[in-house]
Every structure is written in C-alpha cells, then in structure tokens.
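[1] let me see the structure of the following:
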Amino acid sequence: MASVRTSQIYVSLLNEGTDVWRPVTAEQLRDDVYRIIGEAPDSDDEEWEFAPGDIVRCRKQKLSGNDCLVAYEAAV
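    Numbers count the residues shown, from 1 in each chain. As a prediction, the model looks like this:
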C-alpha cells in the first residue's frame, strides 16, 4: 500500500481587506492536485476560499519571501 504524501499548502482567507493566507495540511493526489485534510479553524471569523475535503490545484508563489504552494482553483 502506498503511503500518503502530505504537504503544507496555503489557502486564501476571504473578506480580510488584504491578502491573508492560512497554512493547511493537504494530501498530494498527483502533480499539482491536492486534497485539503487539515482541520477548519474553530472560530467563525475566518472564511477560507477552500474547505477541508476540497480538491484543489496548487502552484508555487512567494509569500513573505518564501516559495510556498498556494491553492488557486478547485480541481475536478
């Protein structure tokens, strides 16, 4: 049985007034496609662009000077 490959990806927070990203754990399904497996926040004050369980495409993007994987669209 193949082991699950997880990575930290970043999901955009909506309605923040500026770009804000939340790091979450995701399972890599294929090259640039991931399933978000991290827990949703306990508080109601964060609105994630993508929720746990969503399958998303990711690309590299600089955040705070570091190369990070960010979710940019839902994958089908």
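
[2] where does this structure dip in pLDDT?
    Filtered on pLDDT under 70, the chain yields the residue ranges 1-2, 42-43.

[3] which parts of it are strands?
    6-12, 21-30, 33-36, 55-63, 66-74 (DSSP state E).

[4] tell me which of these is the most buried.
    Stretch with highest mean neighbour count among the strands of the chain: strand 33-36 (a mean of 20; mean count of other CB atoms under 10 Å). (Glycine included, C-beta is placed from N, CA and C.)

[5] sheet partners, orientation included, of it?
    strand 21-30 (antiparallel), strand 55-63 (antiparallel) (DSSP bridges).

[6] how about residues contacting the shortest one?
    Strand 55-63 has contacts (CB atoms under 8 Å, 6 or more residues apart in numbering) with 9-11, 21, 26, 29, 32-36, 50, 67-76.

[7] still on that earlier bit, and the strands paired with strand 33-36: which comes nearest residue 4?
    Distance to residue 4, taken as CB to CB, is lowest for strand 21-30 among the strands paired with strand 33-36, at 5.4 Å.

[8] which residues are contacting the closest one?
    4-13, 34-38, 41, 46, 48, 52, 55-56, 58, 63, 68, 70-71.

[9] what angle separates that strand from strand 66-74?
    Counting by axes from the mean of the first three to the mean of the last three CA atoms, to 10 degrees, strand 21-30 lies at 70 degrees to strand 66-74.

[10] now strand 21-30, how far from the centre of its chain.
    5 Å (CA atoms, centre = their mean, to the nearest Å).

[11] what sits against residue 72?
    56-59.

[12] quick check: the farthest pair among those?
    Most distant of the contacts of residue 72, by CB to CB, are 56 and 59, 10.3 Å apart.

[13] residue 52 and residue 17, how far apart?
    Separation of residue 52 from residue 17 (CB to CB, to the nearest Å): 24 Å.

[14] right, I mislabeled it, should have said residue 70
    19 Å.

[15] for residue 19, which non-adjacent residue is closest in space?
    Excluding the flanking residues, the one nearest residue 19 by CB to CB, 6 or more residues apart in numbering is residue 12, at 7.2 Å.
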